[in-house]
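Peer 1: I'll drop the sequence and a predicted model, then ask my questions.
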Amino acid sequence: ELNITEPRSHQGILRNMSLTQDDADFDVKNGIIDSETPPHTLLAALYKQSFAYYTFRVRLPSTLETIANSLAKDKDELLTVHGADVTSDIEQTVNEIRELRLNILQNGNLLAFTDNGSDTAVWNAFLEQLPQQQRTYFRACWLYAECYMYRKVSSIFLTSKYLASYDYFSKQKQTAAQLSLDAMLAVARGTRSSESNAATFQQLLKLNLWGNRCDLSITSGKQIKPTGDALDLVKELDDNLLVDNTNAIWQSLHSANGEGIVEIICDNAGYELYTDLILAEYIIDKGLAKKVRFNVKAIPWFISDVMSHDYHWTLQFLADQADPLLSELGKKLKRLTDEGKFELAPLEHFWTSPYEFYRMAEVNAPLYERLSQAQLVIFKGDLNYRKLLGDYSWNDTESFDTCLRGFKPSNLCTLRTIKADLVCGLPQGLSQQLFAKNKEWMLTGEYGLIQFASK
Ligand SMILES: O=P(O)(O)OC[C@@]1(O)O[C@H](CO)[C@@H](O)[C@@H]1O
């Protein structure tokens with residue numbers, strides 16, 4: 001378990017890896033380049049000194065092993081629900097997950113999907129237009145290959161007989177929420193009588209940002225327990241907030257006379273979703289918008305991402321707590337949902353596609369149009385940030401506006417703790433200082449960004 005106040009424990013990871021793993025044959029065979037990602041290039045596992053390489057050599061194989069093991073563990077439960085026939089289904093699924101793991105470790109090909117998902121054709125068209133030599137895990141852009149892996153897992157389940165709608169990450173997400181109860185309570189206590197002003201709103205944005213430290217995919221599923229009073233922490237962490245555009249975000253909402261809609265492009269369930277709900281509650285209570293819409297994932301995604309059943313589960317989980325503060329809050333959030341002030345957005349497979357956001361207008365015009373109606377769109381977390389920047393090694397001082405490459409449906413902001421080796425919009429000289437302190441500062445989740453771009 002990690003404490004939310006401490007940096008993530010994978011410091012030194014890229015360096016340690018070269019000491020502990022004998023990758024020489026693999027690297028030669030697959031043309032791996034022993035460098036960091038060159039400037040102005042798509043990130044890829046092709047570069048040995050990148051987080052993408054570590055992700056495919058170590059992190060994702062470990063995630064797949066976790067999925068296979070937990071499915072085997074859930075067998076009894078699944079037997080009760082589906083009967084004895086499910087046994088062969090489980091065995092086959094576990095085998096296919098393990099095959100996928102081996103395939104990644106051998107730099108296999110990204111092949112067309114053969115399932116009957118509603119996004120299958122879109123995925124296959126996407127793969128089809130990738131140059132042939134880039135259709136492998138280590139040669140493709142990291143974003144494409146990693147999204148492909150999660151979609152591939154979903155495909156394995158989709159083609160099974162009984163497990164097609166089974167959320168294989170559900171237990172982990174629920175455990176994460178349970179482990180966060182103390183932190184949730186502390187936040188509830190600190191926010192029941194908050195004032196309507198810029199400072200409070202900015203504090204809640206920061207609380208929401210740091211809530212993103214708790215995703216499970218970064219640790220291949222290992223639980224992280226947020227502890228301590230997260231509201232106190234917000235101040236302490238101000239030095240780690242490298243860009244703070246919270247004032248501009250406040251202005252963008254404040255100027256709309258409460259008539260606007262806020263779209264949250266969600267990231268993780270558990271504690272992070274809780275902080276999304278707390279921010280949304282404030283937005284509605286203080287009349288900053290008439291509706292907050294939650295955009296969740298249509299398939300199990302990056303272990304801890306929110307799906308619609310997680311949203312409902314979380315409200316009920318809060319409502320069921322013995323502590324009256326949390327149970328009242330849970331009931332209130334349910335009421336806000338019933339009244340339509342909180343709304344789950346229609347499910348969009350775009351969020352679980354490999355597409356960078358600058359291509360949204362072209363590949364999903366109706367979604368772009370919906371976001372254009374919003375007063376503010378809030379993108380949560382590291383993966384959404386990678387999609388905003390197109391998984392590209394921008395110069396770290398390039399402006400956020402430039403890096404969005406024209407993606408500007410509306411006022412938008414990003415709340416992102418830095419967990420991958422790409423960033424933009426930093427003041428001159430800052431990244432050099434951070435590199436001098438720790439060569440892997442971008443992988444620790446210690447630092448955060450709140451960046452804003454106006455319409
Ligand atoms: O989007 P999130 O939950 O903040 O982070 C997801 C994440 O763990 O997965 C990505 C790649 O595996 C990393 O970039 C990132 O650290």
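Peer 2: Nice, I can see it.

Peer 1: tell me the mean pLDDT over the helix ranked longest in the chain?
Peer 2: Longest helix of the chain, by residue count under DSSP state H: helix 86-105. Averaging pLDDT along helix 86-105 gives 96.

Peer 1: from the chain's centre, how far out does it sit?
Peer 2: Chain-centre distance of helix 86-105: 25 Å, with C-alpha atoms, centre = their mean, to the nearest Å.

Peer 1: helices or strands up against it?
Peer 2: Using 3 or more C-beta pairs under 8 Å, 6 or more residues apart in numbering; DSSP states H and E, the elements in contact with helix 86-105 are helix 60-73, helix 75-82, helix 142-158. (Each C-beta comes from the backbone N, C-alpha and C, glycine too.)

Peer 1: can you list the residues of the stretch 251-400 of the chain near the ligand?
Peer 2: Counting by C-beta under 6 Å from any ligand atom, the residues of the stretch 251-400 of the chain close to the ligand are 267-268, 302, 381-383, 386.

Peer 1: could you redo the last one with a cut-off of 5 Å?
Peer 2: Contact residues (C-beta under 5 Å from any ligand atom) of the stretch 251-400 of the chain with the ligand: 267, 381-383.

Peer 1: looking at those, which are in helices?
Peer 2: Checking those against DSSP H, those in helices are 381-383.

Peer 1: partners of the nearest residue to residue 42 once chain neighbours are set aside in the sheet?
Peer 2: Of all residues not flanking residue 42 in the chain, residue 141 sits nearest, at 4.2 Å (C-beta to C-beta, 6 or more residues apart in numbering). Residue 141 forms beta bridges with residue 44, as assigned by DSSP bridges.

Peer 1: how many residues are close by residue 141?
Peer 2: 23 (other C-beta atoms under 10 Å).

Peer 1: same question, residue 353
Peer 2: Residue 353: 21 neighbours (other C-beta under 10 Å).

Peer 1: quick one, phi/psi of residue 439?
Peer 2: For residue 439, the backbone dihedrals are phi -60, psi -30 (criterion: degrees, to the nearest 10).

Peer 1: so for it, what's the pLDDT?
Peer 2: 95.

Peer 1: and it, how close does it get to the ligand?
Peer 2: 17 Å (C-beta to the nearest ligand atom, to the nearest Å).

Peer 1: repeat that for residue 129.
Peer 2: Counting by C-beta to the nearest ligand atom, the gap from residue 129 to the ligand is 23 Å.

Peer 1: now swap in residue 104 and tell me
Peer 2: Distance, residue 104 to the ligand, by C-beta to the nearest ligand atom: 13 Å.

Peer 1: which non-adjacent residue is nearest that residue?
Peer 2: Excluding the flanking residues, the one nearest residue 104 by C-beta to C-beta, 6+ apart is residue 137, at 5.2 Å.

Peer 1: okay, now the one you found: neighbour count?
Peer 2: Neighbour tally, residue 137, other C-beta under 10 Å: 28.

Peer 1: and stretch 158-176, what's buried?
Peer 2: 158-160, 162-163, 166, 168-170, 172-174, 176 (16 or more other C-beta atoms under 10 Å).

Peer 1: repeat for stretch 75-92
Peer 2: 78, 82, 86, 89-90.

Peer 1: the stretch 251-400 of the chain: strands as residue ranges?
Peer 2: 261-265, 291-295, 342-344, 376-380 (DSSP state E, counting those that start in this stretch).

Peer 1: now for residue 153, how many residues are close by?
Peer 2: 22.

Peer 1: ok so, going back, rebuild the buried residues of stretch 75-92 as CSV, extending it with distance to the ligand.
Peer 2: Supplementary listing: the buried residues of stretch 75-92 in CSV, determined by distance: C-beta to the nearest ligand atom, whole Å:
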residue, distance to the ligand
78, 27
82, 31
86, 30
89, 28
90, 26
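
Peer 1: all set, thanks.
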